[in-house]
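Asker: Make a model of this:
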Amino acid sequence: MHKDKSELKKKVKARVRKRIRAKVRGTADRPRVLVFKSNQYIYAQAINDESGETLAAASTLEKGFKEKNKNTKNKEACERLGEMLARRLQEKKIAKIVFDRGVYPYHGRIRTLAEALRKGGLAF
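Answerer: Next up, the predicted model:
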């Protein structure tokens, strides 16, 4: 048995991450958009898994983002982040993506980010 709850949480998250990654793969034509939430910021990046490179990234930590928005962690911030990443992907002529929610359930801020990406013209 696990004595430490944080150790157990890490193992559960690793299992969920592995299960999702077995199904979700990104290519050059259709990159995988990964979402990560820290305690203060939200990060999203488009990854080509075939070559292992990041095609585009956006986060609420960026200087331009923090100047315009007070809060970097709420739903409005996620919506702006999704629009920002969608613009960057459109500039690279990418219209289709695969959305990777990571270990987070698809609701709240993750859902808002995904809807903003769709509104920005990306299909998934």
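Asker: how near is Lys63 to Thr72?
Answerer: Distance from Lys63 to Thr72, counting by Cβ to Cβ, to the nearest Å: 12 Å. Quick note: C-beta positions are derived from backbone N, CA and C, even for glycine.
Asker: more crowded one of the two?
Answerer: For Lys63 versus Thr72, the count of surrounding residues by other Cβ atoms under 10 Å is larger for Thr72: 19 against 6.
Asker: Please identify the helix or strand for the residue nearest the centre of the chain.
Answerer: The residue lying closest to the centre of the chain (Cα atoms, centre = their mean) is Val35, at 2.0 Å. Taking DSSP states H and E as the definition, one finds Val35 inside strand 32-37.
Asker: where's that strand relative to the chain centroid, distance-wise?
Answerer: Its chain's average C-alpha position is 2 Å from that of strand 32-37, according to Cα atoms, centre = their mean, to the nearest Å.
Asker: which other residues reach stretch 19-26?
Answerer: With contact meaning Cβ atoms under 8 Å, 6 or more residues apart in numbering, stretch 19-26 is reached by 32-33, 46-50, 97-103.
Asker: Show me which positions of that stretch end up buried.
Answerer: Neighbour-count burial for stretch 19-26, with 16 or more other Cβ atoms under 10 Å as criterion, is recorded at Gly26.
Asker: any weak-confidence spans in this structure?
Answerer: In the predicted model, the chain carries pLDDT under 70 at residues 1-2.
Asker: Please, where are all the strands along it?
Answerer: Remark: strands of the chain, listed N- to C-terminal, are 32-37, 42-48, 53-59, 98-100; assignment by DSSP state E.
Asker: Pull the residues that contact the first one.
Answerer: This points to strand 32-37. Residues beyond strand 32-37 that count as contacts (Cβ under 8 Å, 6+ apart) turn out to be 24-26, 42-47, 49, 85, 97-102, 104, 109-110, 113, 117, 124.
Asker: that older thread, give me the distance between the residue nearest to the centre of the chain and Leu8.
Answerer: When distances are taken as Cβ to Cβ, Val35 and Leu8 turn out to be 23 Å apart.
Asker: same check, this time on His107
Answerer: 23 Å.
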